[in-house]
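Student: pasting the sequence and the predicted coordinates here, then a few questions.
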Amino acid sequence: MTKLILAAALIVMAAVVVVLARGMGTLGKTGEDNARLSNRMMQWRIGLQFVAVLLLVLLILVTRG
């Protein structure tokens, strides 16, 4: 169970890095479409970070119990 949670947390953290890089790549570009994409990427980043934190808290709870 712990290995599964750890693997999921690592995958989600890697996804955060990918989404962050993609969002920052579109941040400096001009145009309304790029602004929307950058905003969408940052929203995804926040959601993925939330999931990553929840998985890490769950991992701590499981390993302590």
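Tutor: Good, I have the coordinates. Just so we're clear, the structure is a prediction, and the values are computed from it rather than from any experiment.
Student: test my guess that Thr63 contacts Thr2.
Tutor: Yes: between Thr63 and Thr2 a contact is recorded at 6.0 Å, counting by Cβ atoms under 8 Å. Where C-beta positions appear, they are placed from N, C-alpha and C, glycine not excepted.
Student: need the strands for this structure, in chain order.
Tutor: Using DSSP state E, no strands are found in the chain.
Student: in it, which spans are helices?
Tutor: 2-27, 32-64 (DSSP state H).
Student: mind giving me the packing neighbours of the last one?
Tutor: With contacts defined as 3 or more Cβ pairs under 8 Å, 6 or more residues apart in numbering; DSSP states H and E, the secondary structure elements packing on helix 32-64 are helix 2-27.
Student: likewise the first one?
Tutor: Other helices and strands packing on helix 2-27, by 3+ Cβ pairs under 8 Å, 6+ apart, are helix 32-64.
Student: quick check: mean pLDDT of the helix it packs on?
Tutor: Here helix 32-64 scores 92 as its mean pLDDT.
Student: tell me the angle of that helix relative to helix 2-27?
Tutor: If you take axes from the mean of the first three to the mean of the last three Cα atoms, to 10 degrees, helix 32-64 sits at 160 degrees to helix 2-27.
Student: show me what counts as buried in helix 32-64.
Tutor: Within helix 32-64, the residues that count as buried by 16 or more other Cβ atoms under 10 Å are 37-38, 41-42, 44-45, 48-49, 52, 55, 59.
Student: biggest separation within the residues you listed, which pair?
Tutor: Leu37 and Leu59 (32.2 Å; Cβ to Cβ).
Student: relative to Gly65, how far out is the closest residue to Trp44 other than its chain neighbours?
Tutor: Nearest non-adjacent residue to Trp44, counting by Cβ to Cβ, 6 or more residues apart in numbering: Val19, 4.9 Å away. To Gly65, Val19 is 32 Å away according to Cβ to Cβ, to the nearest Å.
Student: higher neighbour count, those two?
Tutor: Taking other Cβ atoms under 10 Å, Val19 and Gly65 do not tie; Val19 has more neighbours (20 against 5).
Student: state the pLDDT value of the more buried one.
Tutor: Taking Val19 on its own, its pLDDT is 93.
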